[in-house]
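Engineer: Build me a model:
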Amino acid sequence: MAIDRALELPVQNVRIFWWVFAVRGGLAVVFAIVLFLASSFLGIFFFDPVTLVYMSLLLGSYVLGNGLLLGVAAGFGFEHHLHLWWLALGESCFALLLSVYIGISMIMTPESLAFLAGIHALGTGFFQWMLAVKTRQARPIQLLLAFAGVVSVALGVVFLQHIHQAPRTTTQVLSGYELFCGMSSIVFALRLRS
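Structural biologist: Presented below is the predicted three-dimensional model:
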């Protein structure tokens, strides 16, 4: 009985954070729609370096929002002595550092949007896998996280291999990826809440 209770502890800790995953999913869906519409309308008329900077800063703002949200969740978890607060803090630090890097790189050297999206997807996939390992006793939740992690890492590698791809294609693929991440995060939140 004590072993069963110890195995359920990480899932209970994650269950308390269901709202974080719901908000992250909602933000990702909104970001995906805005990114797709911006790339579609702006791509019809022009796609100059200023537009690419705008798209990169849009990505940076989204990543910054995720980092701040995860920072709040990590603080809440630490305050309530929850077991997985360090995982939320790690992902928060990654997201905040990436958003700062995006901002600085846009000022100093215009990195390609595909490169920045690749780093974002690889980091997201890594933390999805870590969360899947921590929730291994809840098989459906673990499979959902593991699948999302595989998709994230695979797309991260694809983005990094195609850093000189056309910006319009990159933004549309990134939009589809964020829509997938948002929907999987919402499904994950609903599974946790029920």
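
Engineer: Give me the residue at the spatial middle of the chain.
Structural biologist: With distances taken as CA atoms, centre = their mean, the residue of the chain nearest its centroid is T124 (4.8 Å).

Engineer: contacting residues for it?
Structural biologist: With contact taken as CB atoms under 8 Å, 6 or more residues apart in numbering, T124 is in contact with S152, G156, C181. Every C-beta, even on glycine, is put in place using the N, C-alpha and C of the backbone.

Engineer: host element of it?
Structural biologist: In the assignment (DSSP states H and E), T124 maps to helix 113-134.

Engineer: just A22 next, same as before
Structural biologist: Per DSSP H and E: A22 is located in helix 18-45.

Engineer: what's the angle from the helix or strand L143 falls within to helix 113-134?
Structural biologist: Secondary structure assigned from DSSP H and E places L143 in helix 139-161. Orientation check (axes from the mean of the first three to the mean of the last three CA atoms, to 10 degrees): helix 139-161 against helix 113-134 gives 160 degrees.

Engineer: outside of helix 139-161, which residues touch it?
Structural biologist: By CB under 8 Å, 6+ apart, helix 139-161 touches 11, 14, 114-115, 117-126, 128-129, 131-132, 135-136, 170, 173-174, 177, 180-181, 184-185, 187-188, 191-192.

Engineer: re the thing from before, just the buried residues of the helix holding A22, please?
Structural biologist: Buried residues in helix 18-45, counted by 16 or more other CB atoms under 10 Å: 18, 20-25, 27-29, 31-32, 35-36, 38-39, 42-43.

Engineer: Pull the residues that contact stretch 76-95.
Structural biologist: For stretch 76-95, the external contacting residues (CB under 8 Å, 6+ apart) are 9-10, 13-14, 16-17, 20, 63-64, 66-71, 73-75, 123, 127, 130-131, 134.

Engineer: mind redoing it with 7 Å?
Structural biologist: Contact with stretch 76-95 is made by 9-10, 13-14, 16, 63, 66-67, 70-71, 73-74, 123, 127, 130-131, 134, as judged by CB atoms under 7 Å, 6 or more residues apart in numbering.

Engineer: What's the ChimeraX line that selects buried ones from these?
Structural biologist: In ChimeraX, a selection of the buried entries from those looks like this (16+ other CB under 10 Å):
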select :10,13,14,63,66,67,70,71,73,74,123,127,130,131,134
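
Engineer: what distance separates the lengthiest helix in the chain from the centre of its chain?
Structural biologist: Looking across the chain with DSSP state H, the single longest helix is helix 49-79. Relative to the centre of its chain, helix 49-79 is centred 9 Å away, using CA atoms, centre = their mean, to the nearest Å.

Engineer: Quick check: buried residues in that helix?
Structural biologist: For helix 49-79, burial by neighbour count (16+ other CB under 10 Å) applies to 51-52, 55-56, 58-60, 62-67, 69-71, 73-74, 76-77.
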